[in-house]
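> Please find the sequence and the predicted model below.
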Amino acid sequence: MRNVYNIPFIKFSKYFLILSSIVFSISIFLLVFKGIQTSIDFKGGTIINISIQSENDNLSLLRDTLSDELGNAVSVVAVQSSTAQHELILTTEYLSDETQLNYILKQIYNDDYQINKIESIGPKIGNELSKNARNAVIVSLILIGLYITIRFDLSYSIGSIIALLHDLIITLGIFIIIDYEISIAIIAALLTIVGYSLNDTIVIYDRIRENILNNPHREKRQNINESLNQTLSRTLITSLTTLIVVVVLFIYGGNVLKPFAFTLIIGVILGTYSSLFIASPIVLFLDDRINIDEEKEEI
């Protein structure tokens, strides 16, 4: 296959690996010392969607009154406003008695309010969801590692796992910096990122293996660089079309889908970057420095 591009990926890969290592280390530091802010999906709590008349828009009074009466902090966020009414999202710790909330709102607004939706998740369910989400990510990475080890070899497997961890950890680091809550929707998006990033990496690995088998006496560095250039058009077109879709979803998907879409935007960008500048250079590094055996040609 004739090369359309001749970009020296491997030549500059060490600089990208250093940059990624710095950003990855910062993300790990934030995860350890600041921690992830989780939604009520994991820690338990109650979310209430209410509508109030526009003239009763003193949100500070509502927040202070609810916090005092319920005995815990209450977050009040306006999600939609019009000349006639405001739609608010109230978030608080788990309420076992939701009638108390209705009584407090009646004292504040009389009958000029409407409860649209109440969602409650108990602490026990939240803990179970947290464990299940963690296990889902860990099991997926283990299975991916086993598959690539069988399909290619150990160096390819290590390269792909490091690239996937790079994408996941840096995404979580970004969420910590911008104070984004981790919800079930975001966990689903993170697993989607794993699949998307792996798909790109597998395509590149397949081309590397093909070029190594067709050119066994050529340096592996050259085979890898040629493979990255040969698959570059496919990688960029796939990433760009996917990115267009998730950006549109982020803009028009509403508040429910925005966290999912935002996570995918970050994931598509990081996944494309790691497929080109992390996964394959690490395979070469392992072969050169740690002397992991190259895959053998099939006889």
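That came in fine, so what should we check first?
> Now the residue of the chain positioned farthest from its centre, what are its backbone angles?
Residue farthest from the centre of the chain, counting by CA atoms, centre = their mean, is N110 at 42.8 Å. Main-chain dihedrals, N110, degrees, to the nearest 10: phi 60, psi -120.
> now the stretch 51-200 of the chain, which segments are flagged as low pLDDT?
For the stretch 51-200 of the chain, residues meeting the criterion pLDDT under 70 lie at 54-57, 80-84, 97, 122-126.
> Beyond the host helix or strand of S160, next helix or strand please.
S160 is part of helix 154-177 when elements are defined by DSSP states H and E. Per DSSP H and E, the first helix or strand lying C-terminal to helix 154-177 is helix 184-214.
> Rounded mean pLDDT for the very next helix or strand once past that following helix, please.
Using DSSP H and E, the next helix or strand after helix 184-214 towards the C-terminus is helix 220-230. Taken as a whole, helix 220-230 has a mean pLDDT of 88.
> what's the angle between helix 220-230 and helix 184-214?
120 degrees (axes from the mean of the first three to the mean of the last three CA atoms, to 10 degrees).
> Work out which residue lies at the spatial centre of the chain.
Mean-position check on the chain, CA atoms, centre = their mean. Result L190 at 3.8 Å.
> Give me the neighbour count for V194.
V194 has 21 neighbours, counted by other CB atoms under 10 Å. Heads up, the C-betas are built off the backbone N, CA and C, glycines and all.
> Provide the strand pairings for the host helix or strand of V79, with the direction of each partner.
Element membership of V79 [criterion: DSSP H and E] is strand 75-81. In the sheet, strand 75-81 lines up against strand 85-92 (antiparallel) (DSSP bridges).
> Can you point out the buried residues in the strand it pairs with?
Neighbour counts using 16 or more other CB atoms under 10 Å place Q85, H86, E87, L88, I89, L90, T91, T92 of strand 85-92 among the buried residues.
> how much does the following helix or strand past it deviate in direction from strand 85-92?
Counting by DSSP H and E, the element after strand 85-92 in chain order, helix or strand, is helix 99-109. Orientation of helix 99-109 against strand 85-92 (the same axes, to 10 degrees) gives an angle of 140 degrees.
> Relative to the helix or strand immediately after helix 99-109 in the chain, what are the paired strands and their orientations?
Next helix or strand after helix 99-109 toward the C-terminus (DSSP H and E): strand 113-121. Strand 113-121 has the following sheet partners, assigned by DSSP bridges: strand 45-53 (antiparallel).
> Run the chain-centre distance for the partner strand.
From the chain centre to the centre of strand 45-53 is a distance of 28 Å (CA atoms, centre = their mean, to the nearest Å).
> For the helix or strand just after that strand, buried residues please.
With elements assigned by DSSP H and E, the helix or strand that comes after strand 45-53 is helix 59-70. For helix 59-70, burial by neighbour count (16+ other CB under 10 Å) applies to L62, R63, T65, L66, L70.
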